[in-house]
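Engineer: Structure of the sequence below:
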Amino acid sequence: MPIITLTSDFGYKDPSVASLKAKIYAELNTVTLVDISHAIQPFDIAEGAFVLKNAYPHFPKGSIHLIAVDELIHPNKKPIVALIDDHYFISSDNGILSLIHSDIRPTSIVEIIFPKVDFNADFPSRDIFAPVACHLARGGNLNLIGEKINTLKELYSLRPVIKDEQTIIGNVIYIDNYGNSITNITQKVFQKIGNKRSFTIQHLGRQFDTIYQNYHEIVRDFDNEALDTGKPMVLFGSSGFLEIAVYKGNPQNQGGANTLLGLKKGTEIRVNFH
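Structural biologist: Sure thing, here's the model as predicted:
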């Protein structure tokens, strides 16, 4: 059974998510729809890219990912389909695919010119992206959707700055449900630039010189788990990005790293190697 995933900045108050799903089911009722997230901050391409980048690889090859973040269409932001890493991605050409796949070249990119869609619609994900997703889910040919193009719009907000091979300057790009503040510094970049050197991670006068690989390591190092609730730490989480966290942080109770440490989206984080 084909899989179509949905990622949007629609939220849950309005009927947009239900309307999009209804359009797909009306055309193809045998498909499996999976919500990745509809809580992306409005028009926040970097946040949408981060969420989808960490979710899509766990789906089967051939899955179709409909992206409705900053979705509106105009002459400089056309609707596209890209086959990348054996997955189909349908979105506006607003740069989000370059953030999801900064190190993977597309196999094919097509600008959508599809007779079954309404290009004057104010709801592109429902009236343009959904029919294309159903076409692909039925096994339709990608080349029938439109005209092949060679490039995607490029953005660089998920990429840190490297200075003199000594310093990585990154920033917080995502705050998760626990208040953990996730940066745009990947473990791969950290290891390449660091080359096994000692380091300090700096933010607002606070310094860290230890990075955990997972929460199991953290628990082993803590003397008293109950007393250490709220302890700040740095780790490479399951996303593969450097994150600053608070052990068992709870933004609704005692607070998370974002509130307790003054971290928010865009906050600068520096890693100095020595």
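Engineer: residues in contact with the spatially closest residue to Leu155 that is not a sequence neighbour?
Structural biologist: In space, Leu155 comes closest to Gly95 once its chain neighbours are excluded; the distance is 3.5 Å by C-beta to C-beta, 6 or more residues apart in numbering. For every residue, glycine as well, the C-beta is placed using N, CA and C. Taking C-beta atoms under 8 Å, 6 or more residues apart in numbering, we find Gly95 in contact with Ile45, Leu152, Lys153, Glu154, Leu155.
Engineer: Can you tell me which of the residues you listed are buried?
Structural biologist: Neighbour-count burial (16 or more other C-beta atoms under 10 Å) applied to these gives Ile45, Leu152, Leu155.
Engineer: Check which element follows the lowest-mean-pLDDT helix or strand in the chain along the chain.
Structural biologist: Lowest mean confidence among the helices and strands of the chain (mean pLDDT, DSSP states H and E): helix 215-221, at a mean of 69. For helix 215-221, the following helix or strand on the C-terminal side (DSSP states H and E) is strand 232-236.
Engineer: Give me the residues contacting that next one.
Structural biologist: With C-beta under 8 Å, 6+ apart, strand 232-236 has contacts from 187, 190, 201, 206, 208, 210-215, 217-218, 242-247, 257, 260-261.
Engineer: how about a cut-off of 10 Å?
Structural biologist: Strand 232-236 is touched from outside by 180, 183, 185-188, 190-191, 201, 203, 206, 208-215, 217-218, 221-222, 241-247, 249, 257, 260-261, 263, 269, 271, with contacts defined as C-beta atoms under 10 Å, 6 or more residues apart in numbering.
Engineer: Give the rounded mean pLDDT of it.
Structural biologist: Per-residue pLDDT over strand 232-236 has a mean of 89.
Engineer: Same question for stretch 248-258.
Structural biologist: Stretch 248-258 comes out with an average pLDDT of 75.
Engineer: cool, stretch 110-124 as well?
Structural biologist: Looking at stretch 110-124 alone, the average pLDDT works out to 76.
Engineer: Quick one: end-to-end length of it, please.
Structural biologist: For stretch 110-124, the separation between the terminal residues is 16 Å (C-alpha to C-alpha, to the nearest Å).
Engineer: So which of the contacts of Gly95 are in helices?
Structural biologist: Ile45 (DSSP state H).
Engineer: TSV for the contacts of Gly95, including distance to Val81 and pLDDT?
Structural biologist: Shown next, in TSV, are the contacts of Gly95 (distance: C-beta to C-beta, whole Å; pLDDT from 0 to 100):
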residue	distance to Val81	pLDDT
Ile45	18	93
Leu152	11	92
Lys153	14	92
Glu154	18	89
Leu155	19	86
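Engineer: just curious, which of the buried ones among the contacts of Gly95 is nearest to Val51?
Structural biologist: Using C-beta to C-beta, Ile45 is the member of the buried ones among the contacts of Gly95 that lies nearest Val51, at 11.0 Å.
Engineer: does the most centrally placed residue in the chain sit in a helix, a strand or a coil?
Structural biologist: When C-alpha atoms, centre = their mean is applied to the chain, the residue found nearest the centroid is Phe50 (1.7 Å). Under the three-state scheme (DSSP: H, G, I helix; E, B strand; the rest coil), Phe50 adopts helix.
Engineer: so how far is Ile162 from it?
Structural biologist: 20 Å (C-beta to C-beta, to the nearest Å).
Engineer: Need the pLDDT of the residue nearest to Leu155.
Structural biologist: Per-residue confidence (pLDDT) for Gly95: 94.
Engineer: Ok, Asn224 next?
Structural biologist: Note for Asn224: predicted pLDDT of 56.
Engineer: Ok, Met1 next?
Structural biologist: Listed pLDDT for Met1 reads 80.
Engineer: so Val132 sits right up against Ile64, yeah?
Structural biologist: Yes. Val132 lies in contact with Ile64 (C-beta atoms under 10 Å); the separation is 8.7 Å.
Engineer: Any regions of this protein where pLDDT drops low?
Structural biologist: 114-121, 157, 216, 219-229 (pLDDT under 70).
Engineer: that older thread, just the buried residues of the contacts of strand 232-236.
Structural biologist: 180, 183, 185-187, 190, 201, 203, 208, 211-212, 218, 241-247, 249, 257, 261, 263, 269, 271.
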